[in-house]
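Novice: Make a model of this:
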Amino acid sequence: MTSANLLFTLVGAVVLVAGLATLLRPSLVRAMLGIRASAPATHGLLIAGMMLTAFGLLLGGFAIGYSTTKPLDMNSQSAK
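Specialist: Model (predicted):
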């Protein structure tokens with residue numbers, strides 16, 4: 001695994017954990033950010049948490065997939 005893939009995997013894991021924390025405990029994140037308790041703030045944090053979770057999964061998943069597969073050579077066979 002190259003250093004870039006390792007970096008993307010680690011960033012993906014951190015974003016995934018942050019997104020899950022925001023998704024599962026929006027009240028805790030709202031208190032850390034100093035936002036007043038309201039329904040729009042809670043819904044916004046739930047949406048942001050789901051988006052961060054999805055981004056972390058995609059970033060980490062693609063980095064792991066890229067590092068564990070070999071490249072596909074489309075030019076290896078002759079044209080018929």
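Novice: ok, now which ones touch residue 41?
Specialist: Counting by Cβ atoms under 8 Å, 6 or more residues apart in numbering, residue 41 touches 26, 30, 35. C-beta here means a position set from N, CA and C on the backbone, and glycine is covered the same way.
Novice: Looking at those residues, which is nearest residue 71?
Specialist: residue 26 (41.8 Å; Cβ to Cβ).
Novice: so that closest one touches residue 50, yeah?
Specialist: No: between residue 26 and residue 50 there is no contact under Cβ atoms under 8 Å: 10.9 Å.
Novice: out of those two, which sits in the busier spot?
Specialist: The residue with more neighbours, out of residue 26 and residue 50, is residue 26; 21 against 14, by other Cβ atoms under 10 Å.
Novice: ok, and the nearest residue to the more buried one once chain neighbours are set aside, which helix or strand is that part of?
Specialist: Residue nearest to residue 26 in three dimensions, not counting chain neighbours: residue 45, with 3.9 Å by Cβ to Cβ, 6 or more residues apart in numbering. In the assignment (DSSP states H and E), residue 45 maps to helix 39-68.
Novice: Can you mark which positions in that helix are buried?
Specialist: For helix 39-68, a neighbour-count test (16 or more other Cβ atoms under 10 Å) marks 41, 45, 48, 49, 52, 53, 55, 56, 59, 60, 63 as buried.
Novice: As JSON lines, the residues you listed with distance to residue 2 would be great.
Specialist: Formatted as JSON lines, the buried residues of helix 39-68 follow (distance: Cβ to Cβ, whole Å):
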{"residue": "41", "distance to residue 2": "40"}
{"residue": "45", "distance to residue 2": "35"}
{"residue": "48", "distance to residue 2": "31"}
{"residue": "49", "distance to residue 2": "30"}
{"residue": "52", "distance to residue 2": "25"}
{"residue": "53", "distance to residue 2": "25"}
{"residue": "55", "distance to residue 2": "21"}
{"residue": "56", "distance to residue 2": "20"}
{"residue": "59", "distance to residue 2": "15"}
{"residue": "60", "distance to residue 2": "15"}
{"residue": "63", "distance to residue 2": "10"}
